[in-house]
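J.: The amino acid sequence is not available; the structure is as follows:
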């Protein structure tokens, strides 16, 4: 048998080694190459360049559809209970619309000045550095987003239960069990299929808009027939305490939630630097008019006392509403290393952010156990306006510290100043006038983020990494998920 030279043996071993590595990679290697091919294909002009096909009218429609949600069926009763009269109740709804418009204009400047994804995160990072930005992502993941989800599902549960417990209060256990079932039904649907989740959302969005139209038209018809008795002496008995007004704002602003997401349509707008502020100025006031007309419709059918005693406002006006809503998910925090990496992973089979959805559902379920809708709205609004105000304050700060940044949209400085001052009022007034446990819990939740920041992000202690790494790997194998591609800068 011929002897091989040492160089030939070495070459043969190297080839065998490479062959073994390729075989070991198996499906993962094939999946990676397929992903890279798709990535190369995605570099073509057909997929990377968004066509500017959304005009001003479409932009207004997007804004209206984004904001109008379950809040208008939840908040009227709470706003009225804090104002105690019809007149100031309608004034609060109008004032909330004005504040949402001013806030959206500030965000339009921020969104066109700092064109990075992640909501308030990049704005706070640019203005104040990593700690406020991290606390925002922490609060979004642990407080505001799951709380919003819990509120929507609780309201859905109350509306369904009201149909079966006519004339009496449904058992609290039944309401919460049904809300938990709704949370996990929506979570499952969204985790199974993006397309299925979109279909379900489209159905409920269409139902929501039909219900809104029916209520408004019915109210206009009743007003034309002379049903104006409930509007007489509409400011009599008004509650004027600072705490009551701030809580009324909390509930009204909950219905306008979504105004801070409007700058995401910039890439699809024709002439965005003109049409975006115009769409905001036209769209949010249009929502405000719809909300005021809906409240007017409520008061043409029910007296203030009847509305406060009603289990579900839209049911009281002879219209059933099912609005489970949608899960707005931020998994950027996991991808950036600010949470367990597995929260940013995507299901291989379903191409959905299943880990984040499941985590979201768990936190939302925990919130519905001790909470009710009013306490959760206060909890949500306190945290939200703390960061809304901080973000707009960042806009003011960057007017002096980042003068070189291009500002395609630039609002008068008075607008962010007004928004910041109102935000300070909304955050501090309820704590000073009527301290409640939910505000303390919220502050503790937010500040607890500092512990995780210094352990896992800032110092990156070895023992902390050893704890999180096996958890991530185990969940990755169990749920068959993989890391997402990095977004291009």
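T.: Great, that's in hand. Computed from a predicted structure; not experimentally measured. Numbering: from 1, shown residues only.

J.: can you pull out the strands in this structure?
T.: Using DSSP state E, the strands of the chain run over residues 346-347, 481-482.

J.: and these, which one is worst for confidence?
T.: Summarising mean pLDDT across these, the least confident stretch is strand 481-482, with a mean of 48.

J.: ok, how many other residues are close to the nearest residue to residue 56 once chain neighbours are set aside?
T.: Closest residue in space to residue 56, ignoring its immediate chain neighbours: residue 275 at 4.7 Å, by CB to CB, 6 or more residues apart in numbering. Heads up, the C-betas are built off the backbone N, CA and C, glycines and all. Counted with other CB atoms under 10 Å, residues neighbouring residue 275 total 22.

J.: Tell me which residues touch residue 275, please.
T.: Applying CB atoms under 8 Å, 6 or more residues apart in numbering, one finds that residue 275 lies in contact with 55-56, 59, 269.

J.: if we go to 7 Å?
T.: Listed by CB atoms under 7 Å, 6 or more residues apart in numbering, the contact set of residue 275 reads 56, 59, 269.

J.: cool, and residue 382?
T.: Contact partners of residue 382, counting by CB under 7 Å, 6+ apart, are 427, 439, 442.

J.: Quick check: the last one touching residue 385?
T.: In other words, residue 442. No: here residue 442 does not reach residue 385: they are 11.1 Å apart, not a contact under CB atoms under 7 Å.

J.: What segments of the stretch 101-250 of the chain are helices?
T.: The residue ranges that make up the helices of the stretch 101-250 of the chain, judged by DSSP state H, counting those that start in this stretch, are 120-128, 130-139, 145-164, 172-192, 194-224, 242-255.

J.: Columns distance to residue 450 and mean neighbour count on top of those, output as JSON lines?
T.: Supplementary listing: the helices of the stretch 101-250 of the chain in JSON lines, determined by distance: least, CB to CB, whole Å; neighbours: other CB atoms under 10 Å:
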{"stretch": "helix 120-128", "distance to residue 450": "14", "mean neighbour count": "21"}
{"stretch": "helix 130-139", "distance to residue 450": "7", "mean neighbour count": "21"}
{"stretch": "helix 145-164", "distance to residue 450": "20", "mean neighbour count": "23"}
{"stretch": "helix 172-192", "distance to residue 450": "29", "mean neighbour count": "19"}
{"stretch": "helix 194-224", "distance to residue 450": "34", "mean neighbour count": "15"}
{"stretch": "helix 242-255", "distance to residue 450": "25", "mean neighbour count": "24"}
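
J.: Out of these, flag the one nearest residue 414.
T.: With CB to CB as the criterion, residue 414 lies closest to helix 120-128 of these, at 19.0 Å.

J.: Could you check the angle that closest one makes with helix 130-139?
T.: With axes from the mean of the first three to the mean of the last three CA atoms, to 10 degrees defining the directions, helix 120-128 sits at 160 degrees from helix 130-139.

J.: Tell me the pLDDT of the residue nearest to residue 56.
T.: Looking at residue 275, its pLDDT is 85.

J.: same deal with residue 62?
T.: pLDDT recorded at residue 62 is 80.

J.: How much space separates it from residue 212?
T.: Counting by CB to CB, to the nearest Å, the gap from residue 62 to residue 212 is 16 Å.

J.: Repeat that for residue 159.
T.: In this view, residue 159 and residue 212 are 15 Å apart by CB to CB.

J.: Give the residue spans of the protein that score low on pLDDT.
T.: Of all residues in the chain, those with pLDDT under 70 make up the ranges 1-53, 117-118, 194, 197-198, 201, 264-268, 311-353, 458, 460-489.

J.: and residue 226, how many neighbours does it have?
T.: Residue 226: 8 surrounding residues under other CB under 10 Å.

J.: Let me see the contact set for residue 397.
T.: Counting by CB under 7 Å, 6+ apart, the residues that residue 397 touches are residue 127.

J.: Try it again at 8 Å.
T.: Per CB under 8 Å, 6+ apart, neighbours of residue 397: 127-128.

J.: now do residue 416
T.: For residue 416, the set of contacting residues under the criterion of CB under 8 Å, 6+ apart consists of 106, 392-393, 395-396.

J.: now do residue 139
T.: With contact taken as CB under 8 Å, 6+ apart, residue 139 is in contact with 383, 387, 445-446, 449.

J.: If we use 6 Å, what do you get?
T.: 383, 446 (CB atoms under 6 Å, 6 or more residues apart in numbering).

J.: Now neighbour count and distance to residue 367 too, for the contacts of residue 275, in CSV please.
T.: Formatted as CSV, the entries for those read as follows, by neighbours: other CB atoms under 10 Å; distance: CB to CB, whole Å:
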residue, neighbour count, distance to residue 367
56, 17, 39
59, 24, 34
269, 22, 36
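
J.: As a markdown table, these with distance to residue 73 would be great.
T.: Rendered in a markdown table, the data for those read as follows (distance: CB to CB, whole Å):
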| residue | distance to residue 73 |
| --- | --- |
| 56 | 29 |
| 59 | 26 |
| 269 | 30 |
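
J.: Which one of these is nearest to residue 378?
T.: Distance to residue 378 across the contacts of residue 275 (CB to CB) is lowest for residue 59, with 32.3 Å.

J.: and the residue lying closest to that closest one once chain neighbours are set aside, how many neighbours?
T.: When the adjacent residues along the chain are set aside, residue 59 lies closest to residue 279, with 3.5 Å between them (CB to CB, 6+ apart). In terms of burial, residue 279 registers 27 neighbours under the definition other CB under 10 Å.

J.: so residue 279 touches residue 61, yeah?
T.: No: the pair residue 279 / residue 61 is not scored as a contact, 9.1 Å apart, by CB atoms under 6 Å.

J.: now the helices for the stretch 301-450 of the chain?
T.: Ranges of helices within the stretch 301-450 of the chain are 304-309, 313-316, 332-335, 354-368, 373-401, 414-433, 437-452, based on DSSP H, counting those that start in this stretch.

J.: Residue 89 is nearest to which of those?
T.: Where these are weighed against each other on CB to CB, the nearest is helix 304-309, at 8.1 Å.

J.: Identify all contacting residues around the closest one.
T.: If you take CB under 6 Å, 6+ apart as the criterion, helix 304-309 is touched by 80-81, 298.

J.: For that helix, list every residue counted as buried.
T.: Neighbour counts over helix 304-309 (16 or more other CB atoms under 10 Å) mark 304, 307 as buried.

J.: and it, how far from the chain's centre?
T.: The gap between where helix 304-309 is centred and where its chain is centred comes out at 30 Å by CA atoms, centre = their mean, to the nearest Å.

J.: how much space between residue 165 and residue 381?
T.: Taking CB to CB as the criterion, residue 165 is separated from residue 381 by 28 Å.

J.: returning to that earlier point: which residues does the residue nearest to residue 59 contact?
T.: 59-60, 63.

J.: how about TSV for these, with distance to residue 363 added?
T.: Output for the contacts of residue 279, formatted as TSV (distance: CB to CB, whole Å):
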residue	distance to residue 363
59	33
60	34
63	29
